[in-house]
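1. Mind folding the following:
(one chain, ligands or ions: 1)
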Amino acid sequence: MIPYGKQDISAQDIDAVLQVLQSDFLTQGPQVPAFEKAVTEFTGSKFGCAVNSATSALHIACLALGLKEGDVLWTTPVTFVASSNCGLYCGASIDFVDIDPNTYNLCPDKLEQKLVQAKKVDKLPKVLVAVHLCGQPCDMQKIQLLSKHYGFKVIEDASHAIGGSYQGSKIGSCTYSDITVFSFHPVKIVTTAEGGMAVTNEIGLCEKMNLFRSHGITRDESLMNEGSYGGWYYEQIELGYNYRMTELQAALGVSQMRRLEEFVLARHTLARRYDEKLKDLPITLPFQLENTYSGLHLYVIRLQLELIGKSHRQIFDELREKGIGVNLHYIPVHTQPYYRNMGFDWGDFPEAEKYYREAISIPMFHGMTLEQQDEVVASLKDVLV
Ligand SMILES: *Cc1c(COP(=O)(O)O)cnc(C)c1O
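-> Numbers count the residues shown, from 1 in each chain. Alright, predicted model coming up:
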């Protein structure tokens with residue numbers, strides 16, 4: 001099976017991890033800050049907080065922004081469940097903004113319309129999670145304008161987008177947002193096995209996230225209520241978690257970051273080749289906004305089902321049977337049973353649901369060979385025409 005995504009581990013990556021295993025620190029040593037520095041330097045943000053997953057990063061980002069019971073978080077329905085679950089962890093309620101049918105990201109016009117309505121009934125969101133689906137940046141300028149006008153905070157869920165840029169600024173520069181979150185799960189663009197990071201330009205937000213990452217405990221005297229009583233002394237000043245990243249993960253991250261640009265470039269080469277080879281099939285190819293560079297985590301095609309004469313399911317199954325590890329990103333979050341129990345239902349976000357009925361992610365990853373790609377193309381031609 002040709003997988004839809006796969007990590008690429010080099011001899012240098014392995015060396016970096018082995019060196020940590022033979023060192024004094026397996027956790028809370030020098031590699032974690034080195035990894036934070038590598039990511040903030042690359043993205044052009046000031047502060048980074050590395051954690052054990054993007055899910056944790058989203059959670060502590062929401063906490064640092066003060067999200068709590070009675071507040072509302074908005075995001076897109078076409079995302080992984082973690083983008084909205086982070087709001088639930090904080091006791092907030094969730095709502096969604098339907099997607100733009102071209103970019104598949106949350107639609108800025110629908111966002112504006114929904115904000116106008118929400119203001120009338122005094123239910124404005126406190127936090128918006130903008131997800132750069134497949135690596136395609138959201139319309140961050142418009143989102144930032146709306147956030148200033150309506151007074152909400154913005155988290156970019158850039159789990160798909162490290163290495164990309166928007167209007168000349170790197171994804172993760174936080175030019176248009178308060179906090180940006182990355183995932184380093186093996187299917188993502190760079191990996192630490194499991195891992196995530198939240199980056200920001202505000203030291204206060206980073207200090208809060210550092211606290212929430214590790215039990216709400218500080219050894220920094222300037223943050224203490226009482227001042228230090230001695231070298232042993234620490235204070236718990238928030239209710240935090242153990243979301244720490246290990247040194248093994250961080251060393252792998254430092255090493256992987258050296259190849260980030262190469263990884264993204266390889267994805268672009270593969271994507272351009274798909275664009276060319278698939279252009280005559282009854283499918284809609286990915287669309288790219290002007291003045292943006294995608295991290296290209298995923299290559300999603302949409303089936304023009306009225307031209308094909310087979311069902312979405314049938315096409316998906318036939319591709320899998322041919323050894324093509326297709327996938328579907330994502331089942332709209334509001335249709336999950338857990339969310340339907342909160343009152344959401346099919347029909348709530350029609351563009352997201354239409355996308356779901358037509359989308360298929362086809363294999364694309366750094367180590368993919370041209371032969372593998374040709375096999376995917378040939379299988380698609382077989383199944384679709
Ligand atoms: C993968 C992913 C996450 C969660 O990442 P983890 O590191 O696995 O917790 C969150 N949001 C999006 C959009 C993702 O793709």
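2. Quick check: closest non-adjacent residue to residue 311.
-> Leaving aside its sequence neighbours, residue 311 sits nearest to residue 305 (C-beta to C-beta, 6 or more residues apart in numbering; 7.4 Å). C-beta here means a position set from N, CA and C on the backbone, and glycine is covered the same way.
3. need the strands for the stretch 101-250 of the chain, in chain order.
-> Remark: strands assigned in the stretch 101-250 of the chain by DSSP state E, counting those that start in this stretch are 127-131, 153-157, 165-166, 169-170, 179-183, 196-200, 217-218, 235-236.
4. Near the ligand, which residues of this structure? Just list them.
-> Counting by C-beta under 6 Å from any ligand atom, the residues of the chain close to the ligand are 53-55, 79-80, 82-83, 131, 157, 159-160, 183, 185, 196.
5. taking those one by one, which sit in helices?
-> 54-55, 82-83 (DSSP state H).
6. Would you confirm that residue 346 contacts residue 336?
-> No. At 11.1 Å, residue 346 does not count as touching residue 336 under the criterion of C-beta atoms under 8 Å.
7. Now render the residues of the chain next to the ligand as a markdown table, adding pLDDT.
-> Listed next are the residues of the chain next to the ligand as a markdown table, based on pLDDT from 0 to 100:
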| residue | pLDDT |
| --- | --- |
| 53 | 98 |
| 54 | 98 |
| 55 | 98 |
| 79 | 98 |
| 80 | 98 |
| 82 | 98 |
| 83 | 98 |
| 131 | 98 |
| 157 | 98 |
| 159 | 98 |
| 160 | 98 |
| 183 | 98 |
| 185 | 98 |
| 196 | 98 |
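8. which one of those residues sits closest to residue 11?
-> Comparing those against residue 11 with C-beta to C-beta places residue 185 closest, at 22.1 Å.
9. can you tell me how far the closest one sits from residue 212?
-> Look at residue 185 and residue 212: by C-beta to C-beta, to the nearest Å, they are 21 Å apart.
10. and those two? which has more neighbours close in?
-> residue 212 (23 against 19; other C-beta atoms under 10 Å).
11. so who does the closest residue to residue 38 other than its chain neighbours touch?
-> Among residues not flanking residue 38 along the chain, residue 257 sits closest, at 4.3 Å (C-beta to C-beta, 6+ apart). By C-beta atoms under 8 Å, 6 or more residues apart in numbering, the residues touching residue 257 are 35, 38-39, 42, 190.
12. Could you pull up the contacting residues of residue 87?
-> Contacts of residue 87 by C-beta under 8 Å, 6+ apart are 62, 67, 71-73, 75, 93-94, 127, 129.
13. Now list the buried members of these.
-> 62, 67, 71-73, 75, 94, 127, 129 (16 or more other C-beta atoms under 10 Å).
14. Which members of the residues you listed are positioned in helices?
-> Counting by DSSP H, the part of the buried ones among the contacts of residue 87 found in helices is residue 62.
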